[in-house]
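this is the structure alone, sequence omitted:
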C-alpha cells in the first residue's frame, strides 16, 4: 500500500551519532504502508509481511575498533536520506532472514534506487532477535543487532544471538531489551545501549517539513515506469529460455547480470550454452578478481561472439576458455585472438587421421590393453589416446571428430 499522505516527524534522543539530538523520520503516516515479500524457505514459498517503509535521515556511525578503549564517531553520512523497511515478526530462522534480505536487495537494485553495496553501507540490516520455548506462542524479549552489512553476517549474528539468549534463559537469567553490536571477528554480540520504546522518543510533527501528498494518477505513472522485477524476470527466464529454477533465480536477482545474460543470448541464440558460460567461466573470474559485472572487462558482445565460434566448430570448448581469459586480460574480439594466436580448431579429418595413426603406432602397450579389455570397458580407455592426440595438435583438434575416429580405428584393430 502506498501512503497518499506522508508526514515527517522528529524522533528525539541523545546519542553521540546524532549531534542535533533529533532525527527527521516518519511514524504515524509513512510513505509506504503494509505489504509482503515472498521468500523461498526449506518448506516452500512463504510471505514475510511488511509493516511499513518510511523515509528518514541517517545518523552517524559509531566506531568501536582501533581507538584504544574509546569509541569514535564518523558523521559523514549523518543527515543523508534513507528508506527503512520494517518487517513483521514472521521470520523463524537465520537462513530465512538472509533470504529475505537478499530478496529486498534484488528488488531495490533492480529498481535502481540503491547500488546495494553492503560493504559500503548502502544497504544494512538491523536484526531483531527473540527466542521462545518450543510449542509456545508468546515471543520472548527481543534484542536488536545493529547495522549488519553482509548476508553471511546476518546468519552468523542471528545464530550467535539465539545461542546467547538460550544459554542465558537456561541459566536462570532474563533477556533484556537492548541494542547490541555483532563482532564478526570474535563471532559474538555485545551490548551497546538499552533499547527504548516508541514513546521514549517523544515523537512530534516536524515543524519545518510539509506533508507529502500524492494521488493515484501519480502512483500509476510511476508504476508504468517500473522495470521488470526479479520474480517476474525469473518466471520469464524459466519459460522463455528453459532455465532451471536455480539458474533463473541467480540471474534475475542481479539486474546487471540478467541484462548481460540476455544480450549474450541474443547474439549466440543458445540459452543453455549462454547460461553455462555466464554462471560458469564468467562468474568464476568475476569472483576471483572481485569485479562487479557492471565493470566486467569482457562485454556481452565479446562473449556472445565467442559462443558463436564454439557453435560453428571454429574453436573447441577448451580453446574457448583460453580465448576467454585472453579477452579478460588483454581485450580483443574472438576472431582477432584466434587469428593472432593461431587457435583455429583442426577439423580436417585427413590431418586428424594422420595424427591418430601416429599415436596408435607409438602406443603398443595401450593398444594391447584396449584389445584385451571387455567391450563395455573400452570407452574409458579411449581417454589416453584422446589426450595424446589433443597434445599433438595443441588442443586444437575437434574433440568430437577425434573421439569418433579413434573409436573406429581402435575397434578395427580388435576384429
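Received, thanks. Bear in mind the structure is a predicted one, so any value in this text is a computation, not a measurement.

which residues of the stretch 251-400 of the chain fall in helices?
In the stretch 251-400 of the chain, the helices defined using DSSP state H, counting those that start in this stretch lie at 255-268, 271-277, 283-288, 300-311, 317-330, 334-341, 349-361, 364-372, 378-392, 399-414.

mind putting these into JSON lines with mean pLDDT, distance to residue 97 and mean neighbour count?
Yep, even glycine has a C-beta here, placed from its N, CA and C like the rest. JSON lines is the format used below for those (pLDDT from 0 to 100; distance: least, CB to CB, whole Å; neighbours: other CB atoms under 10 Å):
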{"stretch": "helix 255-268", "mean pLDDT": "96", "distance to residue 97": "23", "mean neighbour count": "20"}
{"stretch": "helix 271-277", "mean pLDDT": "95", "distance to residue 97": "29", "mean neighbour count": "19"}
{"stretch": "helix 283-288", "mean pLDDT": "94", "distance to residue 97": "24", "mean neighbour count": "13"}
{"stretch": "helix 300-311", "mean pLDDT": "94", "distance to residue 97": "34", "mean neighbour count": "20"}
{"stretch": "helix 317-330", "mean pLDDT": "90", "distance to residue 97": "36", "mean neighbour count": "17"}
{"stretch": "helix 334-341", "mean pLDDT": "86", "distance to residue 97": "44", "mean neighbour count": "16"}
{"stretch": "helix 349-361", "mean pLDDT": "76", "distance to residue 97": "57", "mean neighbour count": "15"}
{"stretch": "helix 364-372", "mean pLDDT": "78", "distance to residue 97": "57", "mean neighbour count": "13"}
{"stretch": "helix 378-392", "mean pLDDT": "78", "distance to residue 97": "47", "mean neighbour count": "15"}
{"stretch": "helix 399-414", "mean pLDDT": "75", "distance to residue 97": "46", "mean neighbour count": "15"}
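
how about the ones you listed, which one is nearest residue 192?
Between residue 192 and the helices of the stretch 251-400 of the chain, the tightest spacing by CB to CB is seen for helix 283-288, at 33.7 Å.

list the buried residues for the strand or helix carrying residue 169?
Per DSSP states H and E, residue 169 falls inside helix 151-170. By neighbour count on 16 or more other CB atoms under 10 Å, the buried set for helix 151-170 is 151, 153-161, 164-165, 169.

point out where the stretch 151-300 of the chain drops to low pLDDT.
The stretch 151-300 of the chain contains residues with pLDDT under 70 at 195-199.

and residue 173, backbone torsions?
The phi/psi pair for residue 173 (degrees, to the nearest 10) reads phi -90, psi -180.

for it, list the residues it contacts.
Counting by CB atoms under 8 Å, 6 or more residues apart in numbering, residue 173 touches no other residue.

before we move on, back to that, what's the first helix or strand after the helix holding residue 169?
The element immediately downstream of helix 151-170 (helix or strand, assigned by DSSP H and E) is strand 178-183.

just want the angle from that next one to helix 151-170.
Per axes from the mean of the first three to the mean of the last three CA atoms, to 10 degrees, the angle that strand 178-183 makes with helix 151-170 is 130 degrees.

follow-up on the earlier one: distance to residue 67 added to the helices of the stretch 251-400 of the chain, as JSON lines?
Below are the helices of the stretch 251-400 of the chain laid out as JSON lines (distance: least, CB to CB, whole Å):
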{"stretch": "helix 255-268", "distance to residue 67": "38"}
{"stretch": "helix 271-277", "distance to residue 67": "48"}
{"stretch": "helix 283-288", "distance to residue 67": "34"}
{"stretch": "helix 300-311", "distance to residue 67": "46"}
{"stretch": "helix 317-330", "distance to residue 67": "42"}
{"stretch": "helix 334-341", "distance to residue 67": "52"}
{"stretch": "helix 349-361", "distance to residue 67": "69"}
{"stretch": "helix 364-372", "distance to residue 67": "69"}
{"stretch": "helix 378-392", "distance to residue 67": "60"}
{"stretch": "helix 399-414", "distance to residue 67": "61"}
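
which of those helices sits closest to residue 186?
So among those, helix 283-288 is nearest, using CB to CB, at 26.8 Å.

who's in contact with residue 344?
Taking CB under 8 Å, 6+ apart as the test, what residue 344 contacts is 314-315, 338, 396.

turn these into JSON lines, columns for distance to residue 224.
Shown next, in JSON lines, are the contacts of residue 344 (distance: CB to CB, whole Å):
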{"residue": "314", "distance to residue 224": "45"}
{"residue": "315", "distance to residue 224": "45"}
{"residue": "338", "distance to residue 224": "46"}
{"residue": "396", "distance to residue 224": "53"}
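
now the lengthiest strand in the chain, how far from the centre of its chain.
The longest strand of the chain (DSSP state E) is strand 44-57. Its chain's C-alpha centre and that of strand 44-57 lie 20 Å apart, by CA atoms, centre = their mean, to the nearest Å.

following it, which helix or strand shows up next?
On the C-terminal side of strand 44-57, the closest following helix or strand by DSSP H and E is strand 61-63.

state the mean pLDDT of the helix or strand that comes right after that following strand.
The helix or strand immediately downstream of strand 61-63 is strand 72-74, counting by DSSP H and E. If you average the pLDDT over strand 72-74, you get 90.

packing partners for the very next helix or strand once past strand 72-74?
Using DSSP H and E, the helix or strand that follows strand 72-74 in sequence is strand 81-87. The helices and strands touching strand 81-87, judged by 3 or more CB pairs under 8 Å, 6 or more residues apart in numbering; DSSP states H and E, are strand 44-57.

check which residues of the strand it packs on are buried.
46, 48, 50, 52-57.

which of the residues you listed lies closest to residue 294?
Residue 294 lies nearest to residue 53 out of the buried residues of strand 44-57, by CB to CB, at 26.0 Å.

on that earlier part again, to residue 66, which of the helices of the stretch 251-400 of the chain lies closest?
Between these, helix 283-288 lies closest to residue 66; by CB to CB that is 29.2 Å.

before we move on, the earlier item: would TSV of the buried residues of strand 44-57 with pLDDT be doable?
Below are the buried residues of strand 44-57 laid out as TSV (pLDDT from 0 to 100):
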residue	pLDDT
46	92
48	97
50	97
52	96
53	96
54	96
55	96
56	95
57	94
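
wait, which of these is closest to residue 238?
Among the buried residues of strand 44-57, residue 46 lies closest to residue 238 (CB to CB), at 19.9 Å.
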